[in-house]
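Engineer: Let's see this in three dimensions:
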Amino acid sequence: MNKKTKSSLSLEAYGKGDPKPKINWEDKKERQKLLSLLVLDARKVLSHIDTSKQDLDPKLKDAANLLAKIVSQDTQEDKTGRPRIKREVAKDRVIP
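Structural biologist: Okay, the predicted model is just below:
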């Protein structure tokens, strides 16, 4: 991943050494903004990984496939194009 793409990721939602984002979890708008940032970041990362390449590190391929599956199984876009948490559960759902 190039520096420009890496710097465009929204990981500032996380504090250093803190595994949870610094948001007000009671605020629906803040939760929605965080979800949008995380899904956007995941899609940016995945856009730089070609899982069909034969010489791709197997661990990277597995991680990319898992990330893609989690994003697709747990989110969907609403009418405005923003990601939302899906209400239904995927049949082959993966819980990391």
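
Engineer: Which elements pack onto whatever helix or strand Leu34 lives in?
Structural biologist: Secondary structure from DSSP states H and E places Leu34 in helix 28-46. Where contact means 3 or more CB pairs under 8 Å, 6 or more residues apart in numbering; DSSP states H and E, helix 28-46 is packed against helix 58-74, strand 83-85. For glycine as for every other residue, the C-beta is placed from the backbone atoms N, C-alpha and C.

Engineer: Could you name the stretch from these that's closest to Lys28?
Structural biologist: Nearest to Lys28 among the helices and strands packed on helix 28-46 is strand 83-85 (11.3 Å), distances taken as CB to CB.

Engineer: Remind me what the closest one packs against, helices and strands.
Structural biologist: Against strand 83-85 (3+ CB pairs under 8 Å, 6+ apart) you get helix 28-46, strand 75-77.

Engineer: Partner strands of the last one, with direction?
Structural biologist: It stands for strand 75-77. strand 83-85 (antiparallel) (DSSP bridges).

Engineer: What residues of the strand it pairs with count as buried?
Structural biologist: 83-84 (16 or more other CB atoms under 10 Å).

Engineer: Could you dump the helices and strands packed on strand 83-85 into JSON lines and include mean pLDDT?
Structural biologist: Shown next, in JSON lines, are the helices and strands packed on strand 83-85 (pLDDT from 0 to 100):
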{"stretch": "helix 28-46", "mean pLDDT": "89"}
{"stretch": "strand 75-77", "mean pLDDT": "89"}
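
Engineer: ok, back up a step: out of the helices and strands packed on helix 28-46, which gets nearest to Leu35?
Structural biologist: Closest among those, using CB to CB: strand 83-85, at 5.6 Å.
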